[in-house]
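> need coordinates for the following:
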Amino acid sequence: MWITCLQENLSRGLGVVGRAVATRATLPVTQNVLLTTDQSRLKLTATNLEIAISTWIGAQIDHEGSVTIPARLLTEFVNQLPDEKIEIDLVDSPKGVALECARFKASMNGTDAEEFPPIPTVNDGTTVTVPADVLRGAIERVAFAAATEDSRPVLTGIKVELTGNKLTLAAADGFRLGVETVELATEVEEDMGFIVPARTMQEVQRLIGDRASDVTITVTEPASQVLFKISDNEYEVEIVSQLVQGAFPDYEKLIPASAGTTATVKLQDFLQATRAASIFARDGSGIVRLIVSPGEDGGPGKVKVESRAEEIGDNEGEFDATIDGDEAKVAFDSRYLLDVLGVLGNGTVTLETTTPSSPGVIRATDRDGYTHVVMPMFVQW
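Just a heads-up that it's a prediction; the model follows:
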């Protein structure tokens, strides 16, 4: 016998690395998962050549060895097994494994581990430790603003800046910008900035889950690769990714320095009105119109959210607001509003506007370090 492990642990480990398995592979072995023994544990690794994810699970090791097995086949079969011990044996000809669990048996053909792409190691470089919940929240509130098309590769990444004891994440796709700055417990040895693919950051967010451990980030010198290490008791995951090369836009210049009108509103009121308007906006180029009106004689102001589609009809929603400034009108893409409002939780937010052709700025009043900029839509008022 090669190794023995619990079905639950192997299933969980395969689920962790599964998102890094290549779906359309020019190199067929990248559709496999690498199984190898490592310091009395079983190490699982998958890569699509852009990102590599490794995790370790407890196992009884009879002897050292390694093999790659088709990831989909192994994962689907293991997930159907009972919650019992799985005995796995290496088979030399053809190269593969034989599995046995309770009254289930299977043999799977694989390939030699030497055919698996070498996984980059990030041993030397600048390292910083970030609380897991802080990093997870920042990624959630920023990553969706990154571009999904590769026409400008630099915009498919998230700019990460480390300055003193502050960590800043920024993402933009040309129509919106999300920025969050958080404080760290310790200062970094040297200031630095790099661009991580948004897909990598979203995987980091997913793998952090609800775990309260810290995340260690290591960047090579020169900045070409980044390693995220997540560990908590028996849970250990490493994500290695190539960095995006290029110059990220000077996002600070995209944030308006002042606002003519500021509306402070309950987030849920704003979100509900936008969701209702988006139903009609689907057939009206996605446009929702916002009219911000100050109150009269010291009374509360209001924000009106409208949408219309020529062949379907129109919609209007209204909610109270605290207004600082004059009446303002601006139109946005409903999807962009829903995206940002959907990640801010509860509480209140501020909407800052100046003219119908100026960007709108949304901030969460309970989150000083967060700023979201949305470009306006041009409409006939």
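
> now do the helix or strand containing T129: distance to the chain's middle.
In this structure, T129 sits in strand 126-131 according to DSSP states H and E. Once both centres are worked out by C-alpha atoms, centre = their mean, to the nearest Å, strand 126-131 turns out to sit 18 Å from its chain's centre.

> repeat that for stretch 46-60.
For stretch 46-60, the distance to the chain centre is 19 Å (C-alpha atoms, centre = their mean).

> and that stretch, how far apart are its ends?
22 Å (C-alpha to C-alpha, to the nearest Å).

> and that stretch, which residues are buried?
46-48, 51-57, 59 (16 or more other C-beta atoms under 10 Å). (Glycine included, C-beta is placed from N, CA and C.)

> tell me the mean pLDDT over it?
The average pLDDT for stretch 46-60 rounds to 95.

> check stretch 272-283 too.
Rounded mean pLDDT across stretch 272-283 is 92.

> out of the buried residues of stretch 46-60, which sit inside strands?
Mapping these onto strands (DSSP state E) picks out 46-47, 51-57.

> what's the farthest-apart pair in the residues you listed?
I51 and I57 (20.1 Å; C-beta to C-beta).

> packing partners for the strand holding T129?
strand 214-219 (3 or more C-beta pairs under 8 Å, 6 or more residues apart in numbering; DSSP states H and E).

> and after the strand it packs on, which helix or strand comes next?
strand 225-232.

> show me how far that following strand is from its chain's centre.
15 Å.

> okay, that strand in CSV with CA atoms only?
Taking Å, rounded to 0.1, in the frame of the first residue of the first chain, the C-alpha atoms of strand 225-232 are listed here in CSV:
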residue,chain,number,x,y,z
GLN,A,225,5.5,35.8,-9.1
VAL,A,226,3.4,36.0,-5.9
LEU,A,227,2.8,33.4,-3.3
PHE,A,228,-0.2,33.4,-1.0
LYS,A,229,0.0,31.0,2.0
ILE,A,230,-3.1,30.3,4.0
SER,A,231,-2.8,28.1,7.1
ASP,A,232,-5.0,27.4,10.1
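
> who touches the lowest-mean-pLDDT helix or strand in the chain?
Taking mean pLDDT, DSSP states H and E as the measure, the helices and strands of the chain show their lowest mean at strand 126-131, namely a mean of 88. Strand 126-131 is contacted from outside by 162, 167, 182, 184-186, 188-190, 192, 214-219, 221, using C-beta atoms under 8 Å, 6 or more residues apart in numbering.

> give me the buried stretch members for it, please.
Buried residues in strand 126-131, counted by 16+ other C-beta under 10 Å: 126, 128, 130.

> partners of that strand in the sheet?
Paired with strand 126-131 in the same sheet, following DSSP bridges, are strand 214-219 (antiparallel).

> buried set for the partner strand?
For strand 214-219, by 16+ other C-beta under 10 Å, it's 214-215, 217-219.

> many thanks, have a good one.
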